[in-house]
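> sequence? don't have it. structure:
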């Protein structure tokens, strides 16, 4: 059954223009082979199982392996009006609870304008940034599926740290702390420079176990201490990655002395680059977790 939503909570609404015509967009939501290529896909994930019964009262089951985790998505189709509208429920377990998603598609010149509306529960509304980022990344995948080969890729990572968010924020912004974690797990940080102000620059270097040096840099776009940080990211020295100016958003929330972090990197050039960054950041966040835990129990 549907989980209770609150009329006082505005729904999450995302609108995106596509070069594909409405019928092509519409069919991509309901064709099993298309769905397994883009819907709920993550950079390093592998489609494990997709079932679709595309009729009102029918449903879907979409499974993806993410390392050792099996991510599952279930739902029922409530409205299907080709090529303009699809309404379905969505839950992480077969028995629910579920929320409601509405997809509206209309012609827009030679392409289409798609509006996605997600009716949030009070619990989900506290993570609206994560939901918006997730759906934006999913729609980027739909764009690639329907012919926009150059549509960017997006990486979203969620982590919990055993430290107050003010301390985690310091680990993100103070060079003496950044020196201890801003690199993949097997690398070492060489230097960190930053000018922590909107419009200020940052730059850092790291060395691989093979002795190869990598340098990345960027600019601070938003600073809301200690809750939010937005910065650009590009590689100054890295022969492996394609050239791309990406944007990183970090949102921190605290509960019972622990900090939940939502990390979003958007604008990645390829799926391989997104998967590579996922591996690198995941190792770095292991180091950050250890550092935050250590500092939380000391005078830092």
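Good, I have the coordinates. Just so it is clear, the model here is predicted, and its values are computed rather than measured. Numbers count the residues shown, from 1 in each chain.
> Next, the buried residues of the helix ranked longest in the chain.
In terms of residue count, the longest helix belonging to the chain (DSSP state H) is helix 271-296. Going by neighbour count (16 or more other Cβ atoms under 10 Å), the buried part of helix 271-296 is 273-278, 280-285, 287-289, 291-292, 295-296. Quick note: C-beta positions are derived from backbone N, CA and C, even for glycine.
> Can you classify the most centrally placed residue in the chain by secondary structure?
The centroid of the chain falls nearest to residue 156 when counting by Cα atoms, centre = their mean (2.5 Å). Secondary structure state of residue 156, per DSSP: H, G, I helix; E, B strand; the rest coil, is strand.
> Residue 138 is in contact with that one, correct?
No - Residue 156 is not in contact with residue 138 according to Cβ atoms under 8 Å; the separation is 10.2 Å.
> show me where the stretch 151-300 of the chain has helices.
Using DSSP state H, counting those that start in this stretch, the helices of the stretch 151-300 of the chain run over 165-173, 175-178, 271-296.
> Mind giving me the packing neighbours of the last one?
Here helix 271-296 is seen to pack against strand 153-161, helix 165-173, strand 258-268 when contacts are counted using 3 or more Cβ pairs under 8 Å, 6 or more residues apart in numbering; DSSP states H and E.
> As JSON lines, the ones you listed with mean pLDDT and distance to residue 58 would be great.
Shown next, in JSON lines, are the helices and strands packed on helix 271-296 (pLDDT from 0 to 100; distance: least, Cβ to Cβ, whole Å):
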{"stretch": "strand 153-161", "mean pLDDT": "96", "distance to residue 58": "29"}
{"stretch": "helix 165-173", "mean pLDDT": "97", "distance to residue 58": "43"}
{"stretch": "strand 258-268", "mean pLDDT": "97", "distance to residue 58": "33"}
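> right, so of the ones you listed, which gets closest to residue 128?
Of all these, strand 258-268 sits nearest to residue 128, with 10.3 Å by Cβ to Cβ.
> Which strands or helices does that closest one pack on?
Secondary-structure packing of strand 258-268 (3+ Cβ pairs under 8 Å, 6+ apart): helix 128-145, strand 153-161, helix 165-173, strand 246-255, helix 271-296.
> Show me what secondary structure element comes after the host helix or strand of residue 25.
Taking DSSP states H and E as the definition, residue 25 sits inside helix 22-28. Moving toward the C-terminus from helix 22-28, the next helix or strand (DSSP H and E) is helix 32-38.
> Alright, calling it a day.
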